[in-house]
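1. Please find the sequence and the predicted model below.
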2 protein chains.
Amino acid sequence: AILDGVDAYLQPKSLRGLRVLVTAGPTYEAIDAVRGITNRSSGKMGYAVAKAAAAAGARVSLVTGPTGIPGPAVAETVAVTSAQQMLEAVEARVDEADIFIAVAAVADYYVLNPSENKIKKDAHILTLELAPNPDILANVSSLDKPPFCVGFAAESENLEEYAELKRKRKHLPLIVANDATKAIGSDEVELVLLDDAGRHVLALADKATQARRLVEHVARLYNANNP
Amino acid sequence: AILDGVDAYLQPKSLRGLRVLVTAGPTYEAIDAVRGITNRSSGKMGYAVAKAAAAAGARVSLVTGPTGIPGPAVAETVAVTSAQQMLEAVEARVDEADIFIAVAAVADYYVLNPSENKIKKDAHILTLELAPNPDILANVSSLDKPPFCVGFAAESENLEEYAELKRKRKHLPLIVANDATKAIGSDEVELVLLDDAGRHVLALADKATQARRLVEHVARLYNANNP
């Protein structure tokens, strides 16, 4: 913790005075009292981004889905479970944010009519009906005065093509493409940043390093647009 | 870690020379490359039980589903994802086990025809078909020469009634009933042990304490039956 402090002190303060809102982790959509739908996000990348933004001088609010790991020491941490709760926590804070970095792997679907009690197991096929969740990042990026929005695209195929389509569709200045089949559960990742200037590969490195590189890239773009 | 060692040394060695197989954590059943069905088990209770059994002198094999927390230092730890993988890991080790403690919250259902790639989100209702998973504990307890089997029943209603029905149905000498609505995510739990002699309440305490009490109860029953 002391070394973390020294490390943070030595970082250039490229986000000094800015307020950064970060989402992290998976969301969890209840099927019944004990079961639910989630995804394989560990929360590590989002926590690393929140920490790197704080180290760069930002006031960071972190909205996190359920993870099994301790969160970083940032100005505010809000723990949520479902995508709907994450949306509400983001909406309550987004007016204050200069930069929004959506790292969370939000569940795209929720379960219609979840059961309050544990469904008893039987030998039959069970059918679940899932309905689309709100798209938190698209909601934010389509605001009248959106913060500077950064998306993450975890894809298992056609990585950069799908990521660029998502960036264009949601009108994002920057999206981070990562290969879900390699990134999940791994401590080292390769990332590709896609912005109006093209593609920027962040060569394989641990998540703390990638988060610092990403935050510096975000700071350059943000500061160029807000001189 | 040094204090853990001292603590372990001071424990009565009630399971000395015995081999204990423990399952822990949730299982995760893939929907597609990034999404899946799981449950809210943190793995903490199972890890505490594995640690307490090792402290009581047992050689412990731990089969664990995906958790975000570090596992205990026991003789062998096997990381699995799905219920089917957990079953295979248990079957490969159960012949060697004197005692089997099934703490894992195994997903009761798996997804038929999971997608290898990430399903693209669209605005439509998605229907998932789920089929029942194998019952790992029932498979073990119905072996010709089963180990001493301990089950866990996490219920959201009719706690002791459902737990006792499960104990009888699976022919278990001992089952641990816990209230899923209170236990999940909590560090302190109340447990009720149900065995042929009746019910034994383990009053509210942290999971390490409950695990030690449970292991001592298991050791008394096991040693009474195997003098």
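-> Right, received. Where do you want to start?
2. pLDDT score for the residue in chain A positioned nearest to chain B?
-> Residue of chain A nearest chain B, by CB to the nearest CB: A:G68 (2.1 Å). Placement of C-beta: from N, CA and C, glycine included. At A:G68, the pLDDT value in this model is 81.
3. residue contacts, it?
-> A:G68 makes contact with A:42, B:42-43, B:67-69 under the criterion CB atoms under 8 Å, 6 or more residues apart in numbering or on different chains.
4. where in chain A is pLDDT low?
-> Applying pLDDT under 70 to chain A flags residues A:1-12, A:183-185.
5. ok, 90 please
-> Scanning chain A for pLDDT under 90 picks out A:1-13, A:32-35, A:39-42, A:68-70, A:108, A:113-128, A:154-159, A:179-187, A:225-227.
6. Closest to the centroid, which residue in it?
-> Closest to where the C-alpha atoms of chain A average out (CA atoms, centre = their mean) is A:V103, at 1.2 Å.
7. With adjacent residues omitted, what lies nearest to that residue?
-> The spatial neighbour of A:V103 that comes closest, neighbours along the chain excluded (CB to CB, 6 or more residues apart in numbering or on different chains), is A:G46 at 3.6 Å.
8. From what I see, the one you found and A:V22 are in contact.
-> Yes: applying CB atoms under 8 Å, one finds A:G46 in contact with A:V22, separated by 6.0 Å.
9. Would you mind listing the residues touching both of the two?
-> Common neighbours of A:G46 and A:V22 (CB under 8 Å, 6+ apart) are A:62, A:103.
10. so which strand or helix has A:T38?
-> Per DSSP states H and E, A:T38 falls inside strand A:35-39.
11. Can you tell me the SS state at the closest residue to A:V94 other than its chain neighbours?
-> Of all residues not flanking A:V94 in the chain, A:V140 sits nearest, at 5.5 Å (CB to CB, 6+ apart). Judged by DSSP: H, G, I helix; E, B strand; the rest coil, the three-state class of A:V140 is helix.
12. which residue ranges form the strands in chain A?
-> Ranges of strands within chain A are A:19-24, A:29-30, A:35-39, A:59-64, A:76-79, A:99-102, A:109-111, A:126-132, A:148-155, A:174-179, A:188-195, A:198-206, based on DSSP state E.
13. Neighbours of the residue nearest to A:V94, how many?
-> A:V140 is flanked by 23 other residues according to other CB atoms under 10 Å in any protein chain shown.
14. which residues touch it?
-> So A:V140 contacts A:90, A:94, A:100, A:102, A:146-147, A:149 (CB under 8 Å, 6+ apart).
15. related to what we said a few turns ago, for the residue nearest to A:V103, what are its contacts?
-> Counted by CB under 8 Å, 6+ apart, A:G46 has contacts A:22-25, A:62, A:64, A:103-104.
16. need the longest helix for chain A.
-> helix A:207-225 (DSSP state H).
17. Now do it against strand A:198-206: the angle between them, please.
-> Angle between the axes of helix A:207-225 and strand A:198-206 is 150 degrees (criterion: axes from the mean of the first three to the mean of the last three CA atoms, to 10 degrees).
18. How about helix A:207-225, which residues are buried there?
-> Within helix A:207-225, the residues that qualify as buried by neighbour count (16 or more other CB atoms under 10 Å in any protein chain shown) are A:207-219, A:221-222.
19. Then stretch A:159-169?
-> Buried residues in stretch A:159-169, defined by neighbour count with 16+ other CB under 10 Å: A:159, A:162-164, A:166-167.
20. So which residues make contact with it?
-> Outside stretch A:159-169, the residues that touch it by CB under 8 Å, 6+ apart are A:138, A:151, A:153, A:155, A:172, A:174-179, A:192, A:194, A:199.
21. Most neighbours among those residues, which one is it?
-> Compared across the contacts of stretch A:159-169, A:V176 has the highest neighbour count, 29 neighbours, by other CB under 10 Å.
22. Tally up the residues packed near the closest residue to that residue other than its chain neighbours, please.
-> Excluding its sequence neighbours, the residue lying closest to A:V176 (CB to CB, 6+ apart) is A:F152, at 4.9 Å. Counted with other CB under 10 Å, residues neighbouring A:F152 total 24.
23. ok, back up a step: now do the residue lying closest to the residue of chain A closest to chain B once chain neighbours are set aside against A:A75, distance only.
-> With sequence-adjacent residues excluded and distances taken as CB to CB, 6+ apart, A:G68 is closest to B:G68, at 2.1 Å. Using CB to CB, to the nearest Å, B:G68 is found at 23 Å from A:A75.
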